[in-house]
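Asker: Would you be able to build a 3D model of this:
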Amino acid sequence: MQAIVTRDLTKFYGKARGITNLNLSVEEGECFGFIGPNGAGKSTTIRTLLGLIKKTSGEAKVLGRDIEKEKTAILQEVGYLPAEAVFYSGMKVRDIIKLSADLRKKDCSAEARVLCDRLQLDVTRKVEELSFGNRKKVAIVCALQSNPSLLILDEPTGGLDPLMQKEFFDIVRERNKKGTTVFLSSHILSEVQQNCGRAAIIREGEVIACDSVEALAKTNAKRISVSGSFDLTGLTGIKDLKTGEQTASFLYNGDMSALLKRLAEGNVQDLGVSEPNLEEIFLHFYEKGGKQA
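Answerer: Numbering: from 1, shown residues only. Alright, predicted model coming up:
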């Protein structure tokens, strides 16, 4: 079964673009990345899928259910982690977590205790006393404690320190291995590269590429790092050139023989050739301004 499927899903805010003719298919049990900078349409997509805002046109189903006709049933099976969580003031953390469970009519106390312990969350404090990072931890517990079938994570690590980020993704990977579908929306490309099998890139409200992370990262370009004395003037195929004192780093999609011949004319002390990372691939899609072929 497809956990998420959209057909020409569109959302406009008056005349302002949200998302346009968006087509996605997320298989049950996979960890799927949704990549784009702020303003690309990631949060609009998620809120539309959850029925929190009304679509303009198109169709979408989540866990086999229509996002408008069966919104309540969808929300019962989805754990949603918003980019910024807002809670009722005056409540203690433990009361917020219990309220979240009660809304689902479930006893999640055992799982909540495990999550709070792993995230080092003090449940006795009031929400207004919490830092942004600790509020994010509360939202994580609320989203995960019911063991939902689908996790929708919108910029999930904002505010978390590196150790907590690692712990969070350890938890997410554990859930995914047990069959939970994960939809990870992020502008932090390393998070997607390290945790997702497939990903879609969204640009100005439209999906411009969708494939396995491995396939998206495949390109003729190589990341070249070189140090020493050399002259690259006039050599075609160089992009994203960064230079220092007798060093250079760049993406290269030209003739490798021509590059090596040019470098051999100088005095190269060190040379590195590697595959570009997902961030560089992402910039490639954005700079060329088109869609995946």
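
Asker: Secondary structure element holding Ile46?
Answerer: helix 42-49 (DSSP states H and E).

Asker: for Phe12, that is, sorry about that
Answerer: Judged by DSSP H and E, Phe12 forms part of strand 2-13.

Asker: Which secondary structure elements does that strand sit against?
Answerer: Packing contacts for strand 2-13, counted by 3 or more Cβ pairs under 8 Å, 6 or more residues apart in numbering; DSSP states H and E, involve strand 16-27, helix 42-49, strand 57-62, strand 181-186. Using the backbone N, CA and C atoms, a C-beta is placed for each residue, glycine as well.

Asker: ok, now with 7 Å
Answerer: strand 16-27, helix 42-49, strand 57-62 (3 or more Cβ pairs under 7 Å, 6 or more residues apart in numbering; DSSP states H and E).

Asker: Reformat those as CSV; add distance to Tyr252 and mean neighbour count.
Answerer: CSV is the format used below for the helices and strands packed on strand 2-13 (distance: least, Cβ to Cβ, whole Å; neighbours: other Cβ atoms under 10 Å):
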stretch, distance to Tyr252, mean neighbour count
strand 16-27, 33, 17
helix 42-49, 31, 23
strand 57-62, 41, 18
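
Asker: Ok, which of the ones you listed comes nearest Leu216?
Answerer: Across those, Leu216 has its closest neighbour in strand 16-27 (14.9 Å, Cβ to Cβ).

Asker: coming back round to it: and the helix holding Ile46, how far from the chain's centre?
Answerer: The chain centre lies 13 Å from the centre of helix 42-49; the measure is Cα atoms, centre = their mean, to the nearest Å.

Asker: same check, this time on stretch 196-208
Answerer: With Cα atoms, centre = their mean, you get 10 Å for stretch 196-208.

Asker: in it, what's buried?
Answerer: Buried positions in stretch 196-208, judged by neighbour count with 16 or more other Cβ atoms under 10 Å: 196, 198-203, 205-208.

Asker: ditto for stretch 119-139
Answerer: 119, 121, 123, 127, 130, 134-139.

Asker: part of a helix, is Thr243?
Answerer: No - using DSSP: H, G, I helix; E, B strand; the rest coil, the assignment for Thr243 is strand, not a helix.

Asker: That one pairs with what?
Answerer: Ala248 (DSSP bridges).

Asker: Tally up the residues packed near it, please.
Answerer: Applying other Cβ atoms under 10 Å, we find 10 residues neighbouring Thr243.

Asker: Tell me how far it lies from Leu232.
Answerer: Using Cβ to Cβ, to the nearest Å, Thr243 is found at 9 Å from Leu232.

Asker: just Ile238 next, same as before
Answerer: Look at Ile238 and Leu232: by Cβ to Cβ, they are 6 Å apart.

Asker: what do you get for Ser149?
Answerer: Taking Cβ to Cβ, one finds Ser149 at 53 Å from Leu232.

Asker: if we can go back for a sec, out of the buried residues of stretch 119-139, list just those in helices.
Answerer: Applying DSSP state H to the buried residues of stretch 119-139, the entries found in helices are 119, 134-139.

Asker: Identify, from these, the entry nearest to Asp107.
Answerer: Val138 (18.6 Å).

Asker: ok so, going back, taking the ones in helices among the buried residues of stretch 119-139, tell me the two that lie furthest apart.
Answerer: Top of the distance list for these (Cβ to Cβ): Leu119 and Arg135, 11.8 Å.

Asker: Show me where this protein has its strands.
Answerer: For the chain, strands defined by DSSP state E occupy the ranges 2-13, 16-27, 31-35, 57-62, 65-66, 78-81, 150-154, 181-186, 198-203, 206-212, 222-229, 238-244, 247-252, 267-274.

Asker: winner for burial among these?
Answerer: strand 31-35 (a mean of 26; mean count of other Cβ atoms under 10 Å).

Asker: other SSEs contacting it?
Answerer: strand 181-186, helix 189-195, strand 198-203.

Asker: Please name the strands paired to the last one in the sheet, noting orientation.
Answerer: Strand pairing for strand 198-203, determined by DSSP bridges: strand 31-35 (parallel), strand 206-212 (antiparallel).

Asker: what angle do the first one and strand 2-13 make?
Answerer: To tie it back to what came earlier, the one meant is strand 31-35. 20 degrees (axes from the mean of the first three to the mean of the last three Cα atoms, to 10 degrees).

Asker: gap between strand 31-35 and the chain center?
Answerer: 5 Å.

Asker: tell me the angle that strand makes with strand 181-186.
Answerer: Using the same axes, to 10 degrees: strand 31-35 against strand 181-186 is 20 degrees.
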